[in-house]
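**Q** Have a look; sequence and predicted model below, questions after that.
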Protein chains: 2
Amino acid sequence: MIAAAERRPGRTASGADPTERDRSAAALERLSELLAKDMQSVNRIIVDRMQSPVGLIPQLAGYIVAAGGKRLRPLLTLAAAELCGYSGERHHKLAASVEFIHTATLLHDDVVDESERRRGQSSANSLFGNQASVLVGDFLFSRSFELMVEDGSLDVLRILSRASAVIAEGEVLQLATTNNLNTSEADYLAVVAAKTAALFAAACEIGAIVAERPASDADALNRFGLNFGIAFQIADDVLDYSAREALLGKTIGDDFREGKMTLPAVYAISRGNEVEAAFWRRTLEDMEQQEGDLDHAISLIERHGGFTAALDLARRHGELAIEALMLLPPSQMRGALASLVEFCIEREF
Amino acid sequence: MIAAAERRPGRTASGADPTERDRSAAALERLSELLAKDMQSVNRIIVDRMQSPVGLIPQLAGYIVAAGGKRLRPLLTLAAAELCGYSGERHHKLAASVEFIHTATLLHDDVVDESERRRGQSSANSLFGNQASVLVGDFLFSRSFELMVEDGSLDVLRILSRASAVIAEGEVLQLATTNNLNTSEADYLAVVAAKTAALFAAACEIGAIVAERPASDADALNRFGLNFGIAFQIADDVLDYSAREALLGKTIGDDFREGKMTLPAVYAISRGNEVEAAFWRRTLEDMEQQEGDLDHAISLIERHGGFTAALDLARRHGELAIEALMLLPPSQMRGALASLVEFCIEREF
């Protein structure tokens, strides 16, 4: 039991040490700098290929792509290719393709369910409506495949079409775990591996494909991406309960309000008593939430060490990621990727 | 002006002549019979590839695939391949792939907009919710590309990924014309060419690709599919105002109730007087509809020859389709396809 010492990232431990925050943010910046020129090409392709004579498409796509933020997944493709010694330009289109798949899933994630229409909405959806979000997502998804076809590698097409199917399976599985208090750690990990980590894995693996490296390198990069993706999503789900709102740039508690069963809550529920079970039933199963419930949920998660346990699991997957990464030759890029994994777990925003 | 003599299919002319109905329905049956064995393989692939460990996926996909009906698009791929003298089995997977794209777009079409949530819903959506419909559509779309990748033709992948992007553009364009009384015949045709005819064209064209025929055959089949698709959609839109409800197996007037600007209404609006303009503004633009409005809309369309004019345009595209088809060598299959075009325009259900 670590109840009293429970660490909530962003509010306590690392928040008390500004240098740690700077150090972790710097990891992403370093990677971005190493790949700045390539990323410029990727951004040009992204902007170029979201154009359409149908005005609403670039308008909505531009909105979501601009809001897309870190461009983590295309960075992974670029980094993996460079790590494999690739020096051509094919990876630019493929990195854009990966970003389009990600953007399409973001748009489709935001679609509001019939049964949920009174709850909080994400912005693209609330601005443009369900139908436009779905259709522009479809457009970007199709564009993504057009880019891959232009590149012409059937291996890349196989990897990314498979990843897309797995992402959809993961999203549907997440629907099934929503409001379900019986969701286990294994259920949660199955969702995360599919909905998030599959694209991280594919984004990395195709770097080895364009570089025409042996299967062992492609496998190592796939494992790197998969474990990084799992670690990343766990950290993200911890942040949804614990981030400093100003740093995250959005309200916390979205998952709680939507009845999503993320790891901190899964741990707290499995370790709680009968009274607590009634609280979780009311708030996450019956979705009857009131003022103060989020704070109470956070205190229950802290009481049962839910944040610590989740971040521990994230770190274990981070270690597996770095272990796989170390199968590739040492370089500045490899160091930057390893730091990035650490950054994503310890980050506060 | 043909006001009094205006022909409403299903209620007047062909309804008075049962043999005509039998003759046109027989065209689809004949094509289905000619391709029965191939279609069995396609159906097996469809059922096999909609499976997933995530139970909701085969459940929802099975529901929509079973309800999918005529399997017109995969039939086109099979017929086009056979017309080109192909005798292998590659076209089975590709026909299934085409049907998956179609099914995915059906699921995504049915997503209810935030702003429209009080209006009529289609069934998959109302049973399973917006989110599941979107995600299972994404799954089928991804599966479709996996099937193409297994086949391994980059030409097929290029044609179908392009068609998918065009379909999405057409759907978004349709959103922009909805409730817009300024929608012209040209606007309507742009929507129809993209959202419907692009997949017909691609489904036919890939038949020439698997048969490794010269580009001129692929072009002819593309033009056949494109014009057939336009004719088919116009006829469908006429039926939405005029079909016998029992034959169609669904209520008529869906497009009217949703404020969709289809060709019969486009013609009636452009030919109407000021009083009629006020009616269309209230019903299709402001969406303030009341009892009897659909009947009044139908009578206005009849008064201005909207059904006749729409079916005339459908027939002209049907003729263009058959003209392109005649560039291919004569055969039983070619005859069946030509009859199918006629059937689709004159059909009552």
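**A** Cool, the structure landed. All figures in this text were calculated on a predicted structure; none of them were measured in a lab. Residues are numbered from 1 along each chain as shown, chains lettered A, B, ... in the order given.
**Q** for chain A, what's the longest helix?
**A** helix A:215-242 (DSSP state H).
**Q** Would you map the helices across the stretch 201-349 of chain A?
**A** A:215-242, A:245-248, A:254-258, A:263-271, A:274-280, A:293-303, A:306-325, A:332-346 (DSSP state H, counting those that start in this stretch).
**Q** By mean pLDDT, show me the worst of those helices.
**A** Mean pLDDT is lowest for helix A:245-248 among the helices of the stretch 201-349 of chain A, at a mean of 55.
**Q** what's the closest of the helices of the stretch 201-349 of chain A to chain B?
**A** For chain B, the closest of the helices of the stretch 201-349 of chain A is helix A:254-258, at 10.9 Å, according to Cβ to the nearest Cβ. Every residue, glycine included, has its C-beta placed from N, CA and C.
**Q** rewinding a little: for the longest helix of chain A, buried residues please.
**A** For helix A:215-242, burial by neighbour count (16 or more other Cβ atoms under 10 Å in any protein chain shown) applies to A:217-218, A:220-242.
**Q** relative orientation of that helix and helix A:293-303 in degrees?
**A** Using axes from the mean of the first three to the mean of the last three Cα atoms, to 10 degrees, the inter-axis angle of helix A:215-242 relative to helix A:293-303 is 120 degrees.
**Q** A:Val54 against B:Leu175, yeah?
**A** No: the pair A:Val54 / B:Leu175 is not scored as a contact, 9.1 Å apart, by Cβ atoms under 8 Å.
**Q** Next, the buried residues of stretch A:198-211.
**A** Judged by neighbour count using 16+ other Cβ under 10 Å, the buried positions of stretch A:198-211 are A:198-211.
**Q** what about the closest residue to A:Asp109 other than its chain neighbours, neighbour count?
**A** Nearest non-adjacent residue to A:Asp109, counting by Cβ to Cβ, 6 or more residues apart in numbering or on different chains: A:Glu171, 7.1 Å away. When neighbours are counted by other Cβ atoms under 10 Å in any protein chain shown, A:Glu171 registers 23.
**Q** does A:Glu171 sit in a helix or strand, and which one?
**A** Using DSSP states H and E, A:Glu171 maps to helix A:154-177.
**Q** Report the buried residues of that helix.
**A** For helix A:154-177, the neighbour count (16+ other Cβ under 10 Å) marks A:154, A:156-175, A:177 as buried.
**Q** show me the contacts for A:Gly335.
**A** Residues in contact with A:Gly335 (Cβ atoms under 8 Å, 6 or more residues apart in numbering or on different chains): none are found.
**Q** How about the secondary structure of A:Gly88?
**A** coil (DSSP: H, G, I helix; E, B strand; the rest coil).
**Q** quick one: it and A:Gly207 touch, right?
**A** No: using Cβ under 8 Å, A:Gly88 makes no contact with A:Gly207, being 11.8 Å away.
**Q** Which parts of the stretch 51-200 of chain A are strands?
**A** For the stretch 51-200 of chain A, no strands are identified by DSSP state E, counting those that start in this stretch.
**Q** which among the buried residues of stretch A:198-211 gets closest to A:Val134?
**A** A:Leu199 (19.1 Å; Cβ to Cβ).
**Q** Chain neighbours aside, what residue packs nearest to the closest one?
**A** A:Ala163 (5.5 Å).
**Q** For A:Ile45, give its distance to A:Ala36.
**A** 15 Å (Cβ to Cβ, to the nearest Å).
**Q** Excluding covalently adjacent residues, which one is nearest to A:Asn179?
**A** Nearest residue to A:Asn179, sequence neighbours excluded (Cβ to Cβ, 6+ apart): A:Gly259, at 4.3 Å.
**Q** Return the residues of the stretch 151-300 of chain A in contact with chain B.
**A** A:152, A:154, A:157-158, A:161-162, A:164-165, A:167-169, A:171-173, A:175-176 (Cβ under 8 Å from any Cβ of the partner chain).
**Q** Any regions of chain A where pLDDT drops low?
**A** For chain A, the stretches with pLDDT under 70 are A:1-25, A:67-68, A:113-124, A:244-250, A:348-349.
**Q** now with 50?
**A** Residues of chain A that meet the criterion pLDDT under 50 lie in A:1-16, A:115, A:117-121.
**Q** Pull the number of nearby residues for A:Arg271.
**A** Using other Cβ under 10 Å, A:Arg271 has 16 other residues around it.
**Q** contacting residues for it?
**A** A:Arg271 sits next to A:His304, A:Gly305, A:Gly306 when contact means Cβ under 8 Å, 6+ apart.
**Q** Next, work out how far apart the residue nearest to the first one when sequence neighbours are not counted and B:Arg315 are.
**A** In other words, A:His304. Closest residue in space to A:His304, ignoring its immediate chain neighbours: A:Arg271 at 4.1 Å, by Cβ to Cβ, 6+ apart. Between A:Arg271 and B:Arg315 the computed distance is 71 Å (Cβ to Cβ).
**Q** Relative to A:Tyr63, how far out is A:Asn125?
**A** According to Cβ to Cβ, A:Asn125 stands 11 Å off from A:Tyr63.
**Q** Pick out whichever of those two has more residues nearby.
**A** The neighbour comparison of A:Asn125 against A:Tyr63 (other Cβ under 10 Å) goes to A:Asn125, with 21 against 16.
**Q** A:Pro329 - how many residues pack around it?
**A** A:Pro329: 11 neighbours (other Cβ under 10 Å).
**Q** Could you pull up the contacting residues of it?
**A** Neighbouring residues of A:Pro329 by Cβ under 8 Å, 6+ apart: A:Leu83.
**Q** List phi and psi for it.
**A** As for A:Pro329, its main-chain torsions (degrees, to the nearest 10) stand at phi -60, psi 150.
**Q** Could you do A:Ser184 as well?
**A** Main-chain torsions, A:Ser184, degrees, to the nearest 10: phi -100, psi 170.
**Q** measure it to A:Ile269 for me?
**A** To A:Ile269, A:Ser184 is 10 Å away according to Cβ to Cβ.
**Q** The longest helix of chain A relative to helix A:154-177, how many degrees between them?
**A** Going by the same axes, to 10 degrees, helix A:215-242 makes 30 degrees with helix A:154-177.
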